[in-house]
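J.: Next comes the sequence, and after it the predicted model I'd like to discuss.
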Amino acid sequence: MVPFDQALPALLIALPVAGSCVLLAFGRILPRLLIDVIGTGTALAGTILAGWLLYATGAGTVVSWSGGWEPRPGSTVGIVLVADRLGAAMALLIALLTTTALLFGWRYFDNLHAHYPALVLLFATGMTGFALTGDIFDMFVFFELMGVAAYALTGLKIEEPESVQAGLNFGVINSLGAYLCLFGIGLLYARTGQLGLAQLGIAVEARSGDAVVLAAFVLIATGWLVKAAAVPFHFWLADAHAVAPSPVCVLFSGVMAPLGVYGLARVYWTVFDTVLPAPGVRRMLLVLGIFTAVLGAVMCVLQRHIKRLLAYSTIAHIGLFLLGLAALSPLGVAASALYLGGHAAVKGALFLLTGVLLSRYRSVDEFSLHGRARGQRSIGVLFVLSALILAGLPPFGAGLGKALLEESDASILLVTLVIVVSALTGGAALRAGLRVCFGVGEVPERKLDPEETTGEHEIPDVAAPRDRTPITMMAAVLALLLVALLLGLPTGLTRAIGPAAATFVDPEAYRAAALLGNTTGHPDAAPRIEWTGAGLAFGLLSTVLAVLMAVATLHFETLRTRGRPPIRPITAAETALHRLHSGHVGDYAAWLVFGAAVVAGLVATGWLY
């Protein structure tokens, strides 16, 4: 009989599938309350199981071979789930965000049909399987399940042309990324005859310099980077966030896009670490990380559509996560992991608060909402606090992750980049909160670039405006902010991230766990996860800069409102950036091909220098 701990990874995948099947089978006859209870209860049960799995990984990696097909000398058959501590933590984050998103939806949707929570649960299934599988083809399968569910959730409002277009862009671009990834998997299988991550790592060790192995990595990395929305693969993300319901955006920004970064790191360290040139991989991650962080931050500042603003903030932070991986060290991985968790919690809270504004005021346009939420002090305080947390305010988890990221690379330029990007994204969110909830600044002028979307005429998911915020919606927001705080405090969870990162970057530990059952890992080189004086100082600095940036942009808009002529170079740059993000799927596909070539060229330079 399989020990219960070893059954946990499979249960985490099977449970939401079972819940979604119940909802689809009986949803037409079940009352609304029971639909909500089944959906949220399934997600909550998954959260408990994921917490149990995370606790179980404290004694070592949890490995589960489906059907009892354990490896034999010289051969492996069957599907394996490998849950190390970082994988289990990702599963817990997925389950937790799914629970809060479904809880928020209790009073957010007027006409909720059972297919919505069923899709959310299937979406969680795909993400959880992606995080826990030890087989690269199964990663692709779960990638596709995740993508299909996310595509349906993006185009949920099929009566709206914008929803259909965004869903189409999402489906086409992510499918192209998936096909490239599948081609890469096919090349690896043709070269080695293996699909398990551990088996592949052993099989390619003797193939250093093999062009086929390099091509396979480039194709697989491109697929995961499309999901991560790294520049220049990022165009679909903001369109999807603009039309998807706010609780769905919690999952899109919090875990779906970051899972692309996780998948890239998992495949690199388990399969390609010993055969690809480290300088080339580092250069690729640095270049993509810098461009993603900078472009995401700039586009974030330029938005007046609040959901698009938050989406571009996510793109900017994806760039920062890539910078953590670029260190190619346990400290860099620990920084990205903790930053990812803290960012997911606070960004989820911001999206839910935006959903509250949409349900009350029928708009997510920062300009048209100017001062309309003055009477909602609790919403305003939480929005401002969340924006400051996003900027790196101590002692929250995003701030601690940011501090570790700054320590992982001593370069003054990269530390400055992290501080500036954090300040710009946090400042943009703070500007929106001050303008909407406190009426700071004058009402901005309404001139609009034809390429820009505003969110002024968004169709909310409630038929009539809410007079007050339901307790379930506020509970979901407060739960996420509590998680954001706990991740920054010296708890057992945060202290465990260092050893978990050290094991994550050790391919021998992964192979020993998956193939030999030796699950102890090698935490001796683990970095310490704690606040330092420099980390606190830089966190406060980025927070102050975010406040200054918010005040400066509000003042700039006031000058424009009073008739000051615009600064032509800035206006021209804004127009160019908006037109670059055209919404045309053909343009986005062309950028995807260009990005794949860039990834190949940057990795290959590692053999030239």
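T.: Perfect, thanks for sending it. This is a predicted model, so every value here is computed, not measured.
J.: on contacts alone, who are the packing partners of the helix or strand harbouring Leu53?
T.: Using DSSP states H and E, Leu53 maps to helix 32-56. On a contact count with 3 or more C-beta pairs under 8 Å, 6 or more residues apart in numbering; DSSP states H and E, helix 32-56 meets helix 4-26, helix 85-104, helix 115-132. (Glycine included, C-beta is placed from N, CA and C.)
J.: How about Arg495, nearest residue that isn't a chain neighbour?
T.: Ile529 (5.8 Å; C-beta to C-beta, 6 or more residues apart in numbering).
J.: so that neighbour sits in a helix?
T.: No. Under DSSP: H, G, I helix; E, B strand; the rest coil, Ile529 falls outside any helix and is assigned coil.
J.: what sits against it?
T.: 334, 338, 400, 404, 494-495, 497-498 (C-beta atoms under 8 Å, 6 or more residues apart in numbering).
J.: If I look at it, what pLDDT would I see?
T.: pLDDT for Ile529: 88.
J.: do the same with Lys227
T.: pLDDT for Lys227: 93.
J.: oh, and call the first residue 222 from now on, that's how I've got it
T.: In the new numbering, first residue 222, that becomes Lys448.
J.: buried set for the helix or strand containing it?
T.: Taking DSSP H and E as the definition, Lys448 sits inside helix 432-449. Under the neighbour-count criterion of 16 or more other C-beta atoms under 10 Å, helix 432-449 has 434-449 buried.
J.: Alpha carbons of it, as PDB, please.
T.: The C-alpha trace of helix 432-449 is given here as PDB (Å, rounded to 0.1, in the frame of the first residue of the first chain):
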ATOM      1  CA  ALA A 432      23.400  21.300 -31.700                       C
ATOM      2  CA  VAL A 433      20.300  19.100 -31.400                       C
ATOM      3  CA  VAL A 434      20.300  19.400 -27.700                       C
ATOM      4  CA  LEU A 435      20.800  23.200 -27.900                       C
ATOM      5  CA  ALA A 436      17.900  23.400 -30.400                       C
ATOM      6  CA  ALA A 437      15.700  21.400 -28.000                       C
ATOM      7  CA  PHE A 438      16.500  23.700 -25.100                       C
ATOM      8  CA  VAL A 439      15.800  26.800 -27.200                       C
ATOM      9  CA  LEU A 440      12.400  25.500 -28.400                       C
ATOM     10  CA  ILE A 441      11.400  24.300 -24.900                       C
ATOM     11  CA  ALA A 442      12.600  27.500 -23.300                       C
ATOM     12  CA  THR A 443      10.600  29.500 -25.900                       C
ATOM     13  CA  GLY A 444       7.400  27.700 -25.000                       C
ATOM     14  CA  TRP A 445       7.900  28.400 -21.300                       C
ATOM     15  CA  LEU A 446       8.900  32.000 -21.900                       C
ATOM     16  CA  VAL A 447       5.700  32.600 -23.900                       C
ATOM     17  CA  LYS A 448       3.700  31.400 -20.900                       C
ATOM     18  CA  ALA A 449       5.800  33.600 -18.700                       C
END
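J.: what's the following helix or strand past that helix packed up against?
T.: Scanning forward in sequence from helix 432-449 by DSSP H and E, the next helix or strand is helix 456-464. If contacts are counted by 3+ C-beta pairs under 8 Å, 6+ apart, helix 456-464 sits against helix 357-375, helix 382-413, helix 527-547, helix 806-825.
J.: Any idea which of those gets closest to Val726?
T.: When the helices and strands packed on helix 456-464 are compared by C-beta to C-beta, helix 527-547 sits nearest Val726, at 9.8 Å.
J.: Quick one: mean pLDDT for the closest one?
T.: The average pLDDT within helix 527-547 is 96.
J.: What is the burial count for the spatially closest residue to Ala734 that is not a sequence neighbour?
T.: Computed as C-beta to C-beta, 6+ apart, the closest residue to Ala734 that is not its neighbour in sequence is Thr282, at 3.9 Å. For Thr282, the neighbour count with other C-beta atoms under 10 Å is 24.
J.: Please apply the same query to Leu516.
T.: If you count neighbours by other C-beta under 10 Å, Leu516 ends up with 20.
J.: name the helices or strands packed onto the host helix or strand of it?
T.: Taking DSSP H and E as the criterion, Leu516 maps to helix 499-523. Counting by 3+ C-beta pairs under 8 Å, 6+ apart, the packing neighbours recorded for helix 499-523 are helix 527-547, helix 633-659, helix 789-801, helix 806-825.
J.: Low-confidence ranges, the chain, go.
T.: Low-confidence segments of the chain (pLDDT under 70): 222-223, 293-298, 379-380, 382, 631, 666-688, 740-745, 778-792, 828-830.
J.: residue contacts, the most centrally placed residue in it?
T.: Centroid check for the chain by C-alpha atoms, centre = their mean gives Pro479 as the closest residue, at 3.1 Å. The contact partners of Pro479, by C-beta under 8 Å, 6+ apart, come to 449, 539, 542, 561, 564-565.
J.: buried ones in stretch 466-481?
T.: Using 16+ other C-beta under 10 Å as the burial criterion, the residues of stretch 466-481 that qualify are 466-481.
J.: Could you give the backbone dihedrals for Ser285?
T.: Here is the backbone geometry of Ser285 (degrees, to the nearest 10): phi -130, psi 120.
J.: Could you report the separation of it from Ala721?
T.: Distance, Ser285 to Ala721, by C-beta to C-beta, to the nearest Å: 19 Å.
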